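K.L.:
from the sequence below, what's the structure:
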Amino acid sequence: MIANSSPDKVLSPKYMAHIVLRTPDLQAMSAFYKTFLGAHASWENEQMAFLTYDDEHHRIALIGIPGLQAKVQKSAGLDHIAFTYETMTDLLTAYKQRKAVGILPVWSINHGPTTSMYYEDPDGNRVETQVDNFETVEETNAFMVGPEFLQNPIGADFEPEELIRKLENGVPESDIKRRPNVGDRGPESIPW
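P.N.:
Prediction:
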């Protein structure tokens, strides 16, 4: 039975299932996301690829369309997609594994709510990997309505290798996740 609809709020979905990207180079994009996410193809041919890394049938679908124009970076539209890791150790392990195959972040930043690394795929789409910095949603929300986030909603840049050294030296993840106060910082400081 369909429930009565409320004019106040549309029913929210259970979760976000997948993204679909058009690409002029299906082979390069498929190889990138398989490596980047530790994914495999649930189905793939010379025109399309459906990739997954968990129990969902596909998380990323790629459609190969020869002759597409290159992505215009400074235009309206989707800025990035993001994937969350459970721990700082997991985030940095994945960073080291990607680095070993030549995939390096273009920006590493502690936003406050998350510690994040941004990468670019072969078509220039940005992909964020992150770990939540707070234990609860309530703590995250409190930070985001607080004065520190108001002053700096962007965050503090970091070097991944420095975080790895801290972890290896026994610094607790909770200390590493604490965002340093770097003063005022707005959207103009985003490097793209």
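K.L.:
show me the beta-bridge partners of the closest residue to Asp79 other than its chain neighbours.
P.N.:
Excluding the flanking residues, the one nearest Asp79 by C-beta to C-beta, 6 or more residues apart in numbering is Arg126, at 6.5 Å. From N, CA and C alone the C-beta is placed, and that goes for glycine too. Beta-bridge pairing of Arg126 under DSSP bridges involves His80, Glu120.
K.L.:
the protein: helices as residue ranges?
P.N.:
In the chain, the helices defined using DSSP state H lie at 26-37, 88-100, 137-144, 147-151, 160-168, 173-177.
K.L.:
distance to Ala82, mean pLDDT and mean neighbour count for the ones you listed - can I get that in JSON lines?
P.N.:
Shown next, in JSON lines, are these (distance: least, C-beta to C-beta, whole Å; pLDDT from 0 to 100; neighbours: other C-beta atoms under 10 Å):
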{"stretch": "helix 26-37", "distance to Ala82": "12", "mean pLDDT": "98", "mean neighbour count": "18"}
{"stretch": "helix 88-100", "distance to Ala82": "12", "mean pLDDT": "97", "mean neighbour count": "16"}
{"stretch": "helix 137-144", "distance to Ala82": "14", "mean pLDDT": "97", "mean neighbour count": "13"}
{"stretch": "helix 147-151", "distance to Ala82": "18", "mean pLDDT": "96", "mean neighbour count": "12"}
{"stretch": "helix 160-168", "distance to Ala82": "17", "mean pLDDT": "98", "mean neighbour count": "15"}
{"stretch": "helix 173-177", "distance to Ala82": "16", "mean pLDDT": "97", "mean neighbour count": "15"}
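K.L.:
and the residue nearest to Asp79, what does it touch?
P.N.:
Taking C-beta atoms under 8 Å, 6 or more residues apart in numbering, we find Arg126 in contact with 79-81, 106, 118-120, 192.
K.L.:
give me the buried entries from the residues you listed.
P.N.:
118-120 (16 or more other C-beta atoms under 10 Å).
K.L.:
out of those residues, which is nearest to Gln73?
P.N.:
Of all those, Glu120 has the smallest distance to Gln73: 9.5 Å, by C-beta to C-beta.
K.L.:
Thr52 and Glu44, how far apart?
P.N.:
Distance of Thr52 to Glu44, given as C-beta to C-beta, to the nearest Å: 11 Å.
K.L.:
so these two - more neighbours on which side?
P.N.:
Thr52 (18 against 15; other C-beta atoms under 10 Å).
K.L.:
I figured that one hits His58, correct?
P.N.:
Yes - counting by C-beta atoms under 8 Å, Thr52 does reach His58; the two are 5.1 Å apart.
K.L.:
who touches both of those two?
P.N.:
Shared contacts of Thr52 and His58, counting by C-beta under 8 Å, 6+ apart, come down to Ser42.
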